[in-house]
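S.K.: Sequence first, then the predicted structure:
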Amino acid sequence: MKREYNFTKARRGSLVPRTLGKTRVTIRLDNDILEHFQNLVDQAGGGNYQTLMNDALREEVRAQKAH
């Protein structure tokens, strides 16, 4: 192990690799909405609440297009 390291030419890379077809966004959600989807995941025994939210939004978009 060196006593000092030279980071003058260092570049910060992406912390999370990009997933094709997905865009990282920051949004604010009401607590009750977030808790609802997190509870659904807990009741199902695990999973990803973001996937459930994405599925719910996709279903709403399809319903809107059908009208």
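M.R.: Looks like it came in fine.

S.K.: Remind me what the longest helix along the chain packs against, helices and strands.
M.R.: In the chain, ranked by residue count with DSSP state H as the criterion, the top helix is helix 49-66. Helices and strands touching helix 49-66, by 3 or more CB pairs under 8 Å, 6 or more residues apart in numbering; DSSP states H and E, are helix 31-44. For glycine as for every other residue, the C-beta is placed from the backbone atoms N, C-alpha and C.

S.K.: follow-up on the earlier one: return the alpha-carbon coordinates of the longest helix of the chain using CSV.
M.R.: The C-alpha trace of helix 49-66 is given here as CSV (Å, rounded to 0.1, in the frame of the first residue of the first chain):
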residue,chain,number,x,y,z
TYR,A,49,-41.4,-1.8,-5.4
GLN,A,50,-40.1,0.3,-8.3
THR,A,51,-41.0,-2.5,-10.7
LEU,A,52,-44.6,-2.6,-9.3
MET,A,53,-44.8,1.2,-9.7
ASN,A,54,-43.6,0.9,-13.3
ASP,A,55,-46.2,-1.8,-14.0
ALA,A,56,-49.0,0.3,-12.5
LEU,A,57,-48.0,3.3,-14.5
ARG,A,58,-47.8,1.2,-17.7
GLU,A,59,-51.2,-0.2,-17.1
GLU,A,60,-52.6,3.3,-16.6
VAL,A,61,-51.0,4.5,-19.8
ARG,A,62,-52.5,1.6,-21.7
ALA,A,63,-55.9,2.3,-20.2
GLN,A,64,-55.7,6.0,-21.3
LYS,A,65,-54.7,5.0,-24.8
ALA,A,66,-57.7,2.7,-25.0
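
S.K.: Just give me the neighbour total for the closest residue in space to L40 that isn't next to it in sequence.
M.R.: Leaving aside its chain neighbours, L40 sits nearest to L52 (5.6 Å; criterion: CB to CB, 6 or more residues apart in numbering). Residues lying near L52 (other CB atoms under 10 Å) number 16.
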